[in-house]
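Q: Give the three-dimensional model of this entry:
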Amino acid sequence: MKTSRRTFLTGASALAAAAVSQSAHAQNVIDSILNSNRRGWGDQFDAQVSDGGQVATTRPIFSPDTLVYLQDAIVRYQDIAARGGWPMVPDQKKLQLGVVDPDVDVLRQRLMISGDLSERAGMSPAFDSYVDAALKRFQNRHGIPADGVTGPYTYRSLNASAQVRLGQLERNLGRLSEKVGTTANRYVMVNIPAAEIEAVENGRVVSRHVAVVGKIDRQTPILDSNIHQIIVNPYWNAPESIVRRDIIPLMRQNPNYLAENGIRILGPNGEVDPLTINWQTEEAAKLRFRQDPGRINAMASVKIDFHNPHAVYMHDTPQQSLFANQERFHSSGCVRVQNVRDLVTWILRETPGWDRNRFEQTIINDADVAVAVTNPVPVHFSYVSAWSTSDGVVQFRDDIYALDGSSELQISTAT
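A: From the prediction side, this is the model:
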């Protein structure tokens, strides 16, 4: 239900009376926003919450509407930053539904200023159902599991300054302006900071997939290409970088590592016995390491192939538990895809003879089957850490590769 301007101002007076114990600065920010003549965050809040806040939509990031909403968000965040931003929320306690604590007052202020909590909810030290819904909305907008609990990831996002968030919006407007309007009718978009994939067709997202992308020191590259081939039950050929960084050190610790993981060494004259190699040197890096197809293969059931100078690709993984992590920056540059069979089925839709049933049967019965994709599907590896695909809903993600220019947005544990 929409809130009239008169009701809104009445709520502002009640809010001011209830917040006597708050800092004058934070209260002035809230009052300024309440009395602003701009399109009010709170005016839209009730309508948005009634349908889930429109945090999740079928509108793709590479949409013309995104540019409109993003420009609008920039104006709003300029206003918030000019008025002093939002208060820092003390981060030493776990706040959740049912808790009564003075820190909840500060949390309410923070969520009101960013538009996640209606100002009509008032000020109180009680973490009630209004704060619970608002915090979950905030978490959804920041790619955090919406559990309504203030854990370390939530606190880090809450306490990123308004000025930093504004900088993110402005930088990403430039990135998106270069891409929007240039995509095909059907494409795959990998958003690296979000570790998420969109399959897009006819201007709408037909499926989203959680992804695992490159570590800070082994980054997933930004690129544009075309998916031209699917390999079912592929062999995995370890890049030289992985042989040097991972396999050789692992062999020094466990001489049975290769045998246990179905990895063979191939030299110019055929298969090489690991016992003939001095693993205290790096001579093995000159050889070819190939993992047999199967359940423990690094690419598991499928590889999605596209030409690029970085030798990266998308693939399945035997480590499905990684998709449940908050920080999904674990790969050596390639992109692991959750529910990859759904994505591959969509990619192969226009490839004669390759429906879901044949694809599944091939996984069961065959190995290393290459399927040429009819009408190759464009794929875009992109770096979008802030965007908006709904009115009044702004998405933010950590600046994992430090491309936004603020150390406040980086994470240090994904190495």
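Q: can you pull the buried residues of stretch 245-256?
A: Residues of stretch 245-256 classed as buried: 247-248, 251 (neighbour count, 16 or more other Cβ atoms under 10 Å). From N, CA and C alone the C-beta is placed, and that goes for glycine too.
Q: ok, which stretches of this structure are helices?
A: With DSSP state H as the definition, the chain shows helices at residue ranges 5-18, 24-34, 41-50, 64-82, 102-113, 129-141, 152-158, 162-179, 240-242, 248-253, 257-260, 340-347, 356-365.
Q: Same list, the ones you listed, but as TSV with mean pLDDT and distance to residue 305 please.
A: Shown next, in TSV, are those (pLDDT from 0 to 100; distance: least, Cβ to Cβ, whole Å):
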stretch	mean pLDDT	distance to residue 305
helix 5-18	34	55
helix 24-34	48	50
helix 41-50	36	41
helix 64-82	97	29
helix 102-113	98	45
helix 129-141	97	33
helix 152-158	96	34
helix 162-179	96	23
helix 240-242	91	18
helix 248-253	96	27
helix 257-260	95	25
helix 340-347	98	11
helix 356-365	95	15
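Q: among these, which is nearest residue 216?
A: Closest to residue 216 of the helices of the chain, according to Cβ to Cβ: helix 240-242, at 15.0 Å.
Q: sorry, back to before: next, format the buried residues of stretch 245-256 as CSV and append distance to residue 220.
A: Converted to CSV, these look like this (distance: Cβ to Cβ, whole Å):
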residue, distance to residue 220
247, 21
248, 23
251, 27
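Q: sorry, back to before: would you turn the helices of the chain into a markdown table with distance to residue 310?
A: Formatted as a markdown table, these follow (distance: least, Cβ to Cβ, whole Å):
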| stretch | distance to residue 310 |
| --- | --- |
| helix 5-18 | 52 |
| helix 24-34 | 45 |
| helix 41-50 | 40 |
| helix 64-82 | 27 |
| helix 102-113 | 40 |
| helix 129-141 | 31 |
| helix 152-158 | 29 |
| helix 162-179 | 19 |
| helix 240-242 | 11 |
| helix 248-253 | 22 |
| helix 257-260 | 26 |
| helix 340-347 | 20 |
| helix 356-365 | 27 |
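Q: Nearest to residue 208, out of the ones you listed?
A: So among those, helix 340-347 is nearest, using Cβ to Cβ, at 9.9 Å.
Q: Pop the domain breakdown of this structure in here.
A: Domain assignment for the chain by automatic domain parsing gives 5-61+63-171, 185-382.
Q: quick one, which of the ones you listed is nearest to residue 396?
A: Nearest to residue 396 among the domains of the chain is domain 5-61+63-171; the distance by Cβ to Cβ comes to 5.3 Å.
Q: Quick check, residue 392 in contact with residue 115.
A: Yes: with contact defined as Cβ atoms under 8 Å, residue 392 reaches residue 115; the gap is 6.1 Å.
Q: could you point out the longest strand in the protein?
A: Determined from DSSP state E, the single longest strand within the chain is strand 369-382.
Q: Which strands or helices does that strand pack on?
A: Under the contact criterion of 3 or more Cβ pairs under 8 Å, 6 or more residues apart in numbering; DSSP states H and E, strand 369-382 touches helix 162-179, strand 186-191, strand 223-232.
Q: Deepest-packed of those, please.
A: Neighbour counts averaged per stretch over those are highest for strand 186-191, at a mean of 22; criterion: mean count of other Cβ atoms under 10 Å.
Q: and that one, what does it pack onto?
A: strand 196-201, strand 369-382.
Q: That one pairs with which strands, and in what direction?
A: Under the criterion DSSP bridges, strand 186-191 sits next to strand 196-201 (antiparallel), strand 369-382 (parallel) in its sheet.
Q: relative orientation of the shortest one and helix 340-347 in degrees?
A: In this structure, strand 196-201 runs at an angle of 30 degrees to helix 340-347, with axes from the mean of the first three to the mean of the last three Cα atoms, to 10 degrees as the basis.
Q: contact partners of strand 196-201?
A: If you take Cβ atoms under 8 Å, 6 or more residues apart in numbering as the criterion, strand 196-201 is touched by 60-62, 143, 183, 185-191, 205-211, 314, 335, 337, 343, 346.
Q: The domains of the chain: which one's closest to residue 388?
A: domain 5-61+63-171 (3.8 Å).
Q: Quick one: buried ones out of the contacts of strand 196-201?
A: By 16+ other Cβ under 10 Å, the contacts of strand 196-201 give 60-62, 143, 183, 186-191, 205, 207-211, 314, 335, 337, 343, 346 as buried.
Q: circling back to that earlier point, kindly calculate the angle that the longest strand of the chain makes with strand 223-232.
A: Here strand 369-382 runs at an angle of 150 degrees relative to strand 223-232 (the same axes, to 10 degrees).
Q: What score does the residue sitting nearest the centre point of the chain have for pLDDT?
A: Central residue of the chain (Cα atoms, centre = their mean): residue 194, 1.5 Å from the mean position. pLDDT for residue 194: 97.
Q: thinking again about what came up before, got the helices and strands packed on strand 186-191 as TSV, with mean neighbour count columns?
A: Putting these into TSV (neighbours: other Cβ atoms under 10 Å) gives the following:
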stretch	mean neighbour count
strand 196-201	22
strand 369-382	18
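Q: and residue 327, which of the ones you listed is closest to it?
A: strand 196-201 (13.1 Å).
Q: how far out from the middle of the chain is that closest one?
A: Distance of strand 196-201 from the chain centroid (Cα atoms, centre = their mean, to the nearest Å) equals 12 Å.
Q: follow-up on the earlier one: can I get the helices and strands packed on strand 369-382 in TSV including distance to residue 375?
A: Formatted as TSV, the helices and strands packed on strand 369-382 follow (distance: least, Cβ to Cβ, whole Å):
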stretch	distance to residue 375
helix 162-179	21
strand 186-191	8
strand 223-232	9
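Q: So for residue 402, which of these sits nearest?
A: Closest to residue 402 of the helices and strands packed on strand 369-382 is helix 162-179 (Cβ to Cβ; 11.9 Å).
Q: Any chance you could give me the closest one in PDB, C-alpha atoms only?
A: The C-alpha trace of helix 162-179 is given here as PDB (Å, rounded to 0.1, in the frame of the first residue of the first chain):
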ATOM      1  CA  ALA A 162      27.500   5.500   1.500                       C
ATOM      2  CA  GLN A 163      30.300   7.300  -0.300                       C
ATOM      3  CA  VAL A 164      32.000   4.000  -1.100                       C
ATOM      4  CA  ARG A 165      28.700   2.600  -2.400                       C
ATOM      5  CA  LEU A 166      28.200   5.700  -4.500                       C
ATOM      6  CA  GLY A 167      31.600   5.200  -6.100                       C
ATOM      7  CA  GLN A 168      30.700   1.600  -6.900                       C
ATOM      8  CA  LEU A 169      27.400   2.700  -8.600                       C
ATOM      9  CA  GLU A 170      29.300   5.300 -10.700                       C
ATOM     10  CA  ARG A 171      32.000   2.900 -11.800                       C
ATOM     11  CA  ASN A 172      29.500   0.200 -12.700                       C
ATOM     12  CA  LEU A 173      27.400   2.600 -14.700                       C
ATOM     13  CA  GLY A 174      30.400   3.100 -17.000                       C
ATOM     14  CA  ARG A 175      30.900  -0.700 -17.300                       C
ATOM     15  CA  LEU A 176      27.200  -1.300 -18.100                       C
ATOM     16  CA  SER A 177      26.900   1.600 -20.500                       C
ATOM     17  CA  GLU A 178      29.500  -0.100 -22.700                       C
ATOM     18  CA  LYS A 179      27.700  -3.500 -22.700                       C
END
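Q: All good on my end, thank you.
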